[in-house]
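*Asks:* Fold the following, please.
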Amino acid sequence: MPVTHPAPDRLGTIAPDVRVLEIGAGTIKRVPHAVTLDVNPLAAPDVLHDLDVTPYPFPTSSFDIVIAEHVLEHVDQVIRVVEELHRIVAPGGMLLVEVPHFSSANFHTDPTHRHAFSTRSFDYFVEGTTLARYRYSNAFLRKREARIGFEGRSVIQRAIARWANRDPERYERKFAWILPAEKINFVLEVVK
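*Replies:* Next comes the predicted model:
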């Protein structure tokens, strides 16, 4: 079932019949009817599980949407986690991912961060991209969106964000260390 993706600030509007999993959600549940999965028992998740341990305790194609907000930078093996998320999401379902941009000072501040991301980091899973030819995995995704986010909401910061998102590859290659970004929001469709 193809799923339309809500904007990150409208996750609470996801219809109750859409099967949602929030991974690494901590104590914040963005979608009221979502199943939560976390490694931290203090977060009181619905499912207590370590994302680095596969398989996850869900059948294949159990979810329509998986929300991974600031969690993939903490896992040991991103490829293995993406493969497992691909397995548990139904065809046409969505992975809504928010991760730190590689230029973010906050990425380098947190000692538990293992991976930073660029707008092309998931291209290894997207057929037709130059990075997909390396075939690190048989899990395929369709990149619907990769949006660079900046800290703050001033007029200047919004203008920088619009400029950077018009040509993200150029921004990342030439300007990211001069005008650092904070995060990237991905909308990735599961292709099976």
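*Asks:* My read is that Ile23 contacts His70, right?
*Replies:* No - at 10.5 Å, Ile23 and His70 do not qualify as touching, with contact defined as Cβ atoms under 8 Å. For every residue, glycine as well, the C-beta is placed using N, CA and C.
*Asks:* And the two? Which one has more around it.
*Replies:* The neighbour comparison of Ile23 against His70 (other Cβ atoms under 10 Å) goes to Ile23, with 27 against 16.
*Asks:* what pairs with that one across the strands?
*Replies:* When bridges are called by DSSP bridges, Ile23 pairs up with Leu37, Ala68.
*Asks:* That one: what's it in contact with?
*Replies:* Contact analysis of Ile23 by Cβ atoms under 8 Å, 6 or more residues apart in numbering lists 36-38, 51, 66-68, 71, 85.
*Asks:* residues in contact with stretch 126-136?
*Replies:* Contacts of stretch 126-136 (Cβ under 8 Å, 6+ apart): 79, 120, 123-125, 140-143, 191.
*Asks:* can you list the weak-confidence ranges in the chain?
*Replies:* 1-10, 12 (pLDDT under 70).
*Asks:* Chain neighbours aside, what residue packs nearest to the residue positioned nearest the centre of it?
*Replies:* For the chain, the residue nearest the mean C-alpha position is Val97 (1.6 Å; Cα atoms, centre = their mean). For Val97, ignoring the flanking residues on the chain, the nearest one in space by Cβ to Cβ, 6 or more residues apart in numbering is Phe186 at 4.2 Å.
*Asks:* Run a quick neighbour tally on the one you found.
*Replies:* Neighbours of Phe186 (other Cβ under 10 Å): 22.
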